[in-house]
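A.B. asks: Sharing a sequence plus its predicted fold:
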Amino acid sequence: PDPLEEAAAAEAEQGDEDGGDDKKENQAEQANAAEQSDQVVESDQKPRATAKPLSEAAKRQDMIDTELNGMIDEMMDSEGFEDETEMEKESRDAITKAAKELCYTRKYYDVSTDKIIFFPSITKLIVNYDLLEKATEYYYDEEDEFPSEYSMGLRDVTFARIEAEGSDDEDEGEMDDDMMERLSMPVQLTEDEPDPLEEAAVATPESEKDGEDGGDDKKENQAEQANAEQPGNDQVVEPDQKQRAAAKPLSEAAKRQDMIETELNGMIDEMMNSEDFEDETEMEKESYDAIMKAAKEICYTRKYYDVSTDKIIYFPSITKLIVNYDLLEKATEYYFEEEDEFPSQYSMGLRDVTFARIEGEGSDDEDEGEMDDDMMERLSMPVQLTEDEPDPLEEAAVATPESEKDGEDGGDDKK
C-alpha cells in the first residue's frame, strides 16, 4: 500500500467526522440552489474525494519552483533592479529549466535527523556556477550568454541568505562529491520511475554478503533437498519437513547472527590450525563463548545503502574491531571474573589471522576507512538485532519529502 494514500484517506475520514455538519449544510444549499435556478446537479458536480497525493517527482518540481521563485522575487526587489518589475521571461525559463535538470536529483537517509536529504541544492549550484552555466545552454542561441546582471543578482541573494540564515548545505560540505554520489540514490524524476530507497528496503542481505558463490550453494542445497525426497532414500519426509523446505526467509536479526558466527568461526579455525596452536585441537570454551558473545553485541550493528554497488553495507566489521582491539576488550568483559584478562595467545592469534587476511585478500573495510566514525554513524541506520524490531530502511522508504525539506517550521505551517 502507498502510505501517502493511506494518510490522505485518514485525513479525509477525519474531515468527514469533524465536518459532517458542514457537509450537510453545503448539500442543503446546493439542493436549494438547484431548485431555485432549475439546474440539474449532475453526479460529477458532487463534492470530489480528496485528491491523490503528489508523487516524489511532482514534489521535487514544486520544491524547486518554490525555492527558485523566492530567490528571483528577492532579487527583483533589491536595489539593483529598481527599473524592472519582473525578470525577463527567457531568462526565467532558462534558469528554471536548468534547475529542474540539475537540482535535488539525489537523496540519502540521515539517521541523525531521521530525514531524507535531497541534493545538490540550488544554493550550492549557484555558488559553484553550475546552475548559471546550465542556464546559458537554454538561453536563446548557443553564442548567447545568460545575462550577467541576473547571475550576479542571484549570487548576491544566495550569499546574503547563507550569511543571514546559514546554508542548508553543511552535509554536502562534509563529504567530497564522489562520497556523496556513492552513499546517495537517485530521486524519482518522472512518475513512472521506481523509488530505489523502497527497492533497497526489500533487498536480501545474502546477495550482498554471499554474491555469486552463494547462489551456487543455494542450488546445491536445493538439489540435496530434492534428492532426499526421492523414493530410493530411507528417509521419510514428514509434513513439517516439507513446510521447512519452503519456510519463511530468516529475519535480518537471524541473518546477522549467522553472518557473525560463520565469519568468526572461520577465523578461529584458521587460528587453531596455525603453527602456534599445534598443541591445541580447539579453542578454550570460555574464551570461545566470550569472543562470540562480544561479537554478537558490537559487530555489524549498523548499515547503509551503497548506490555504487547496489548493496547494503553492514559495519563495524569483525576485522575492524579486532584491529582496533574493541572486540578483544569486549570479550574480556565476558571472560570469567572482572579481573581476568582474555587470553593473550588468542588475542595475538586472532590479530595475526586478521592481518594475514587483510594482506592476502584485502579488507572489506575500505568503506569504513573513507569516512570518519561520526560520518559513518550519521549516514547509517541500526540493523535489526531482535525479531520484533522494525527495519528503519523500510521506514525511510515511505517517509514524505515535505518533512525532510520543511523541518519543524514546515510542520507548524502544515498544521
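C.D. replies: Good, I have the coordinates.

A.B. asks: Which pLDDT value belongs to Gly173?
C.D. replies: Looking at Gly173, its pLDDT is 48.

A.B. asks: I misspoke; the intended subject was Glu82.
C.D. replies: We have a pLDDT of 88 for Glu82.

A.B. asks: who touches it in this structure?
C.D. replies: Applying C-beta atoms under 8 Å, 6 or more residues apart in numbering to Glu82 gives no contacts. Every C-beta, even on glycine, is put in place using the N, C-alpha and C of the backbone.

A.B. asks: One more: the one 3 residues further on?
C.D. replies: Listed by C-beta under 8 Å, 6+ apart, the contact set of Thr85 reads Met76.

A.B. asks: All further residue positions should be reported with the first residue as 427.
C.D. replies: Okay, using 427 as the starting number, the last item reads as Thr511.

A.B. asks: now it: how far from Met497?
C.D. replies: Separation of Thr511 from Met497 (C-beta to C-beta, to the nearest Å) stands at 17 Å.

A.B. asks: Asp705 too?
C.D. replies: 75 Å.

A.B. asks: higher neighbour count, the two?
C.D. replies: Met497 (19 against 5; other C-beta atoms under 10 Å).

A.B. asks: Quick check: buried residues in stretch 681-690?
C.D. replies: Buried residues in stretch 681-690, counted by 16 or more other C-beta atoms under 10 Å: 681-683, 685-686, 689-690.

A.B. asks: Where does Thr616 sit: helix, strand or coil?
C.D. replies: Using DSSP: H, G, I helix; E, B strand; the rest coil, the structure places Thr616 in coil.

A.B. asks: Do I have it right that it meets Ala483?
C.D. replies: Yes. With contacts defined as C-beta atoms under 8 Å, Thr616 counts as touching Ala483 at a distance of 5.5 Å.

A.B. asks: In terms of neighbours, single out the busier of these two.
C.D. replies: Taking other C-beta under 10 Å, Thr616 and Ala483 do not tie; Ala483 has more neighbours (16 against 9).

A.B. asks: What is the burial count for Glu767?
C.D. replies: By other C-beta under 10 Å, the residues close to Glu767 number 12.

A.B. asks: Pull the contacting residues for it.
C.D. replies: 758, 761.

A.B. asks: 7 Å instead?
C.D. replies: Counting by C-beta atoms under 7 Å, 6 or more residues apart in numbering, Glu767 touches Thr758.

A.B. asks: And for the one 10 residues further on?
C.D. replies: Residues near Arg777 by C-beta under 7 Å, 6+ apart: Ile748.

A.B. asks: 10 Å instead?
C.D. replies: Contact analysis of Arg777 by C-beta atoms under 10 Å, 6 or more residues apart in numbering lists 697, 748-749, 751, 754.

A.B. asks: Mark which of those residues are buried, thanks.
C.D. replies: 697, 748-749, 754.

A.B. asks: returning to what we had before: from the buried residues of stretch 681-690, which ones fall inside helices?
C.D. replies: Within the buried residues of stretch 681-690, residues falling in helices by DSSP state H are 681-683, 685-686, 689-690.

A.B. asks: Show me which of those is closest to Ala590.
C.D. replies: Among those, Arg682 lies closest to Ala590 (C-beta to C-beta), at 46.5 Å.

A.B. asks: Not counting residues beside it along the chain, what's closest to Glu696?
C.D. replies: Take Glu696 and drop its neighbours on the chain: the residue closest to it by C-beta to C-beta, 6 or more residues apart in numbering is Val779, 5.0 Å away.

A.B. asks: Hmm, the one you found is touching Ser773, no?
C.D. replies: No. Using C-beta atoms under 10 Å as the test, Val779 is too far from Ser773 to be in contact (11.2 Å).

A.B. asks: tell me, what's touching these two both at once?
C.D. replies: Ile748.

A.B. asks: Test my guess that Gly506 contacts Ser574.
C.D. replies: No. Checked against C-beta under 10 Å, the pair Gly506 and Ser574 is beyond contact range at 11.6 Å.

A.B. asks: more crowded one of these two?
C.D. replies: Counting neighbours by other C-beta under 10 Å for Gly506 and for Ser574 shows that Gly506 has the greater number, 12 against 9.

A.B. asks: Please report the distance of the closest residue in space to that one that isn't next to it in sequence from Pro742.
C.D. replies: Nearest non-adjacent residue to Gly506, counting by C-beta to C-beta, 6+ apart: Gly579, 6.1 Å away. For Gly579, the distance to Pro742 (C-beta to C-beta) stands at 49 Å.

A.B. asks: Could you do Met774 as well?
C.D. replies: Per C-beta to C-beta, Met774 is found 21 Å from Pro742.

A.B. asks: Looking at the buried residues of stretch 681-690, which is nearest Ile543?
C.D. replies: Checking these one by one against Ile543 (C-beta to C-beta), the nearest turns out to be Arg682, at 26.4 Å.

A.B. asks: give the contact list for that closest one.
C.D. replies: 631, 676, 722, 725-727, 729, 740, 809-811.

A.B. asks: Do a quick rundown of the strands in this protein.
C.D. replies: Here the chain has its strands, by DSSP state E, at 532-536, 541-545, 611-612, 728-732, 737-741, 807-808.

A.B. asks: Any chance of those strands in JSON lines with distance to Glu516, mean pLDDT and mean neighbour count as columns?
C.D. replies: Shown next, in JSON lines, are the strands of the chain (distance: least, C-beta to C-beta, whole Å; pLDDT from 0 to 100; neighbours: other C-beta atoms under 10 Å):
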{"stretch": "strand 532-536", "distance to Glu516": "29", "mean pLDDT": "80", "mean neighbour count": "22"}
{"stretch": "strand 541-545", "distance to Glu516": "28", "mean pLDDT": "84", "mean neighbour count": "21"}
{"stretch": "strand 611-612", "distance to Glu516": "30", "mean pLDDT": "74", "mean neighbour count": "16"}
{"stretch": "strand 728-732", "distance to Glu516": "41", "mean pLDDT": "81", "mean neighbour count": "21"}
{"stretch": "strand 737-741", "distance to Glu516": "45", "mean pLDDT": "85", "mean neighbour count": "21"}
{"stretch": "strand 807-808", "distance to Glu516": "45", "mean pLDDT": "78", "mean neighbour count": "16"}
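
A.B. asks: Adding distance to Pro769, write those out as TSV.
C.D. replies: Converted to TSV, the strands of the chain look like this (distance: least, C-beta to C-beta, whole Å):
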stretch	distance to Pro769
strand 532-536	41
strand 541-545	46
strand 611-612	45
strand 728-732	29
strand 737-741	27
strand 807-808	32
